[in-house]
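In: got a predicted structure plus its sequence, pasted below:
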Amino acid sequence: MPVAIEKAVKFKNLDKVYWPEEGFTKGDLLNYYLAMLPQLLPHLLNRPMTMKRYPDGITGKFFYQKNYPSYAPEWVARVTVPTEEGPKDMISVDRNETILWMVNLGCIECHTWLSRVEALNNPDIFIFDLDPAPPAGFAETLPVAVAIRNILQDYGLKSYAKTSGSDGVHVYVPVQPLVSYEVIREGLQRFCQALTSLLPDQVTIAMPKIKREGKVYLDYLQNGYAKTTVAVYSVRPEQGAPVSTPLSWEEVIEGKITPQQFNINTVPQRVQNIGDLFRPVWEERQDPRDFLRLTGKLI
């Protein structure tokens with residue numbers, strides 16, 4: 001471990017078992033995040049953060065921590081965000097040490113805003129959150145992701161898929177932060193309404209869970225101010241220590257993957273072999289108005 005990180009963060013209880021069935025420890029979790037820092041930091045950089053903390057592992061109690069803690073070291077960046085209840089101080093990641101400091105607090109999942117601190121109300125990513133309702137599962141989300149990708153591609157927009165780390169798929173579209181969450185969400189609602197007409201037996205935007213049975217729920221409402229999404233390369237507190245992992249469109253189209261094959265043991269080697277498939281998400285900046293023009297044509 002780099003000396004600078006060891007000096008900044010005093011790691012504790014590394015032998016504590018976090019995943020009882022697999023025997024994975026807090027130290028294993030820390031080693032995974034340490035290995036993934038070069039890929040993870042650019043995706044978290046300068047976004048308000050929410051920690052999902054499991055101080056006693058995945059079978060213990062957990063809680064979401066949104067507020068900037070009073071005991072945070074002075075080098076942990078903070079951002080003050082306007083809320084309905086008034087200004088709120090939150091963590092903002094600007095260095096590797098902050099990520100490992102969060103893990104040391106029992107943070108398994110990292111949740112981020114879709115906007116950065118310099119333009120809090122204007123997202124630079126919007127997402128299609130594909131959530132299958134049983135008996136539909138992960139396999140049923142894949143053709144829906146491809147359908148979304150194909151429509152966007154027909155209008156010159158690039159998109160990128162990742163596993164949610166559970167049963168769902170997230171399709172990310174990187175954009176310039178030129179318009180508000182509200183405008184993006186309205187466009188996504190129109191897009192998803194059109195998709196339900198094209199794929200009525202496969203997808204739904206119905207809120208009542210009973211109406212989602214056997215379909216993939218298109219949760220466009222996740223694109224809202226102060227809403228958070230599990231970050232790419234974040235570990236999930238589920239059996240097998242799965243990781244929210246970028247996918248190639250070839251993998252999605254072929255449909256032979258499972259979310260369980262992407263975990264803290266396999267993802268570092270995968271990234272070493274094929275690189276960060278999500279790098280364009282923080283490098284590319286498409287014009288969101290192109291998407292809005294698209295959605296105007298779909299209705």
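Out: On my side now, so go ahead. Residues are numbered from 1 along each chain as shown.
In: what separates Leu105 from Phe63, distance-wise?
Out: Here Leu105 is placed at a distance of 11 Å from Phe63 (C-beta to C-beta, to the nearest Å). All C-beta spots, glycine's among them, are computed from the backbone N, C-alpha and C.
In: what is in contact with the two at once?
Out: Arg53 (C-beta atoms under 8 Å, 6 or more residues apart in numbering).
In: give me the more crowded residue out of the two.
Out: Ranked by neighbour count (other C-beta atoms under 10 Å), Leu105 and Phe63 place Leu105 first, with 17 against 10.
In: ok, that one touching Arg53?
Out: Yes - if you go by C-beta atoms under 8 Å, Leu105 and Arg53 touch, sitting 5.9 Å apart.
In: next, show the common contact partners of these two.
Out: Gln65.
In: for Thr80, what is the enclosing helix or strand?
Out: Using DSSP states H and E, Thr80 sits within strand 78-81.
In: by contact count, what packs against the following helix or strand past that strand?
Out: Later in the chain than strand 78-81, the nearest helix or strand by DSSP H and E is strand 88-92. Packing partners of strand 88-92 (3 or more C-beta pairs under 8 Å, 6 or more residues apart in numbering; DSSP states H and E): strand 48-53, strand 78-81.
In: and with 6 Å instead?
Out: Applying 3 or more C-beta pairs under 6 Å, 6 or more residues apart in numbering; DSSP states H and E, we find strand 88-92 packed against strand 78-81.
In: ok, Gly165 - contacts?
Out: Residues counted as contacts of Gly165 (C-beta atoms under 6 Å, 6 or more residues apart in numbering) are 236, 242-244.
In: and with 7 Å instead?
Out: Neighbour list for Gly165: 230, 234, 236, 242-244, 259 [criterion: C-beta atoms under 7 Å, 6 or more residues apart in numbering].
In: swap in Tyr155?
Out: Counting by C-beta under 7 Å, 6+ apart, Tyr155 makes contact with 290, 294.
In: ok, 8 Å please
Out: Contact analysis of Tyr155 by C-beta under 8 Å, 6+ apart lists 290-291, 293-294.
In: all strands of the stretch 1-150 of the chain, in order?
Out: With DSSP state E, counting those that start in this stretch as the criterion, the stretch 1-150 of the chain has strands at 17-19, 24-25, 48-53, 63-65, 78-81, 88-92, 107-112, 125-132.
In: CSV for these, including distance to Arg285 and mean pLDDT?
Out: Formatted as CSV, those follow (distance: least, C-beta to C-beta, whole Å; pLDDT from 0 to 100):
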stretch, distance to Arg285, mean pLDDT
strand 17-19, 37, 98
strand 24-25, 37, 98
strand 48-53, 20, 97
strand 63-65, 30, 96
strand 78-81, 21, 96
strand 88-92, 20, 97
strand 107-112, 17, 97
strand 125-132, 10, 97
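In: save those strands as a markdown table, and put in distance to Trp101 too.
Out: Shown next, in a markdown table, are the strands of the stretch 1-150 of the chain (distance: least, C-beta to C-beta, whole Å):
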| stretch | distance to Trp101 |
| --- | --- |
| strand 17-19 | 17 |
| strand 24-25 | 18 |
| strand 48-53 | 10 |
| strand 63-65 | 12 |
| strand 78-81 | 13 |
| strand 88-92 | 9 |
| strand 107-112 | 9 |
| strand 125-132 | 24 |
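In: who wins for proximity to Val9 among those?
Out: strand 107-112 (12.3 Å; C-beta to C-beta).
In: quick one, which of the strands of the stretch 1-150 of the chain gets closest to Val271.
Out: Among the strands of the stretch 1-150 of the chain, the nearest to Val271 by C-beta to C-beta is strand 107-112 (16.3 Å).
In: next, the angle from that closest one to strand 125-132.
Out: Calculated by axes from the mean of the first three to the mean of the last three C-alpha atoms, to 10 degrees, strand 107-112 forms an angle of 130 degrees with strand 125-132.
In: what residues does strand 107-112 touch?
Out: Applying C-beta under 8 Å, 6+ apart, the contact partners of strand 107-112 are 18, 29, 40, 43-44, 47-54, 58, 64-65, 99, 102, 228-231, 234-237.
In: ChimeraX command to pick out the buried ones of those?
Out: Entered in ChimeraX, the line below selects the buried ones among the contacts of strand 107-112, by 16 or more other C-beta atoms under 10 Å:
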select :18,29,40,43,44,47,48,49,50,51,52,53,54,58,65,99,102,228,229,230,231,234,235,236,237
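In: start to end distance for stretch 255-273?
Out: Stretch 255-273 has an end-to-end distance of 20 Å (C-alpha to C-alpha, to the nearest Å).
In: with that, I have no additional questions.
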